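sequence and predicted structure, then a few things I'm wondering about:
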Amino acid sequence: MRRLEGKIAIVTGGAGGIGSATARRLTSEGATTVIADLDLERARVVAAEIGHGATAFHYDAESVDTVEALVASTVARFGRLDILLNNAAITTPQIQREDTTAVDITFETWDRVMAVNLRGYLAGCKYAIPEMLKVGGGAIINTASGSGLVGDLSRIGYGTSKAGVIALTRFIATQYGRQGVRCNAVAPGLILTEASKAGVPELIEMI
Ligand SMILES: NC(=O)c1ccc[n+]([C@@H]2O[C@H](COP(=O)([O-])OP(=O)(O)OC[C@H]3O[C@@H](n4cnc5c(N)ncnc54)[C@H](O)[C@@H]3O)[C@@H](O)[C@H]2O)c1
């Protein structure tokens, strides 16, 4: 059964591992998908592979103006917005090295992680919700992480941003659920994407 026939979906971080797999699934359920990512080249490849009207869009989650443009251009092109998967996260090797402990992390790294992983999600919601309300409702899915639920010896910024994503999800569900905008979070454990394969090999082997 194609449950999402006629629905328009934005997938942020859509060029990446989880985003591209989810975009494929949304498309197989009938949705038309916008693959939004900082990496336009890869987003174009993913959109072409997916087909069925999927398009690529370049934006930077750190810049809220580009998040606004992403939503506006989706609505201008397809006439509506039904689904937002907030999924982009900063996973570069440099950030992974610098996002460490409370004592060692710089405020610059902290701010960058929060801007992409948390404020970027808020921006997506802020601009998507009014469009969803116009069509009677919609669904927002925020990719959190198991790291947002437990402490760890490193990645204090990442884990805190993901805990923030879980709280953001609860607030949005509470504030807009009655008007038909559902908001849920998914907290994956380790998913073997290209990005996670580039992480600590011993840890991956152990898991
Ligand atoms: N892979 C895992 O094990 C795992 C586990 C738990 C949670 N997650 C979460 O899943 C989501 C997807 O991660 P993934 O594993 O597919 O990683 P990934 O690196 O494959 O995908 C992330 C995507 O986000 C994009 N991106 C990065 N910074 C951006 C920015 N400023 N603006 C727009 N796009 C940007 C990247 O270009 C990339 O395509 C993330 O939110 C991540 O935190 C992943």
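Nice, thanks for sending it over.

residues touching the residue of the chain found nearest the ligand, list them.
Of all residues in the chain, Gly16 sits closest to the ligand, at 2.0 Å by CB to the nearest ligand atom. For glycine as for every other residue, the C-beta is placed from the backbone atoms N, C-alpha and C. Taking CB atoms under 8 Å, 6 or more residues apart in numbering as the contact definition, Gly16 lies against 37, 39, 42, 87-88, 91, 193-195.

dihedrals phi and psi, it?
Note on Gly16: its backbone torsions stand at phi -90, psi -170 [degrees, to the nearest 10].

hmm, who's touching the helix or strand bottoming out on mean pLDDT in the chain?
Of all helical and strand segments in the chain, the minimum by mean pLDDT, DSSP states H and E falls on helix 194-197, at a mean of 80. Here helix 194-197 makes contact (CB under 8 Å, 6+ apart) with 16-17, 91, 190, 204.

which helix or strand lies directly C-terminal to that helix?
For helix 194-197, the following helix or strand on the C-terminal side (DSSP states H and E) is helix 201-206.

now what about that following helix, what contacts it?
Against helix 201-206 from outside (CB under 8 Å, 6+ apart): 190, 192, 196-197.

tally of neighbours for the residue nearest to Val150 when sequence neighbours are not counted?
With sequence-adjacent residues excluded and distances taken as CB to CB, 6 or more residues apart in numbering, Val150 is closest to Gly159, at 7.8 Å. Number of residues near Gly159 (other CB atoms under 10 Å) recorded here: 20.

so is Gly159 in a helix, a strand, or just coil?
helix (DSSP: H, G, I helix; E, B strand; the rest coil).

and it, how far from Gly30?
Between Gly159 and Gly30 the computed distance is 36 Å (CB to CB, to the nearest Å).

this protein against the ligand: which residues are in contact?
Neighbours of the ligand within the chain, by CB under 6 Å from any ligand atom: 13, 15-19, 37-39, 59-62, 87-91, 116, 143, 145, 188, 190-191, 193-196.

apply 5 Å and report the result again.
Within the chain, the positions lying close to the ligand (CB under 5 Å from any ligand atom) are 13, 15-18, 37-39, 60-62, 87-91, 116, 143, 145, 188, 190-191, 193, 195-196.

cross those residues against helices and list the overlap.
17-18, 195-196 (DSSP state H).

picking that back up, most neighbours among the contacts of helix 201-206, which one?
Ser196 (17 neighbours).

where does His140 fall, phi/psi-wise?
His isn't right for residue 140; it's Ile. Backbone torsions of Ile140, given as degrees, to the nearest 10, read phi -110, psi 130.

next one: it, what pLDDT does it get?
Reported pLDDT at Ile140 in the predicted model: 99.

same deal with Met1?
We have a pLDDT of 69 for Met1.

got it, and Ile172?
For Ile172, the predicted pLDDT is 98.

pretty sure it is touching Ile140, no?
Yes: applying CB atoms under 8 Å, one finds Ile172 in contact with Ile140, separated by 6.4 Å.

shared neighbours, those two?
What both Ile172 and Ile140 touch, as defined by CB under 8 Å, 6+ apart, is the set 125, 129, 181, 183.

related to what we said a few turns ago, now render the contacts of helix 201-206 as JSON lines, adding distance to Leu149.
Below are the contacts of helix 201-206 laid out as JSON lines (distance: CB to CB, whole Å):
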{"residue": "Leu190", "distance to Leu149": "14"}
{"residue": "Leu192", "distance to Leu149": "20"}
{"residue": "Ser196", "distance to Leu149": "18"}
{"residue": "Lys197", "distance to Leu149": "23"}
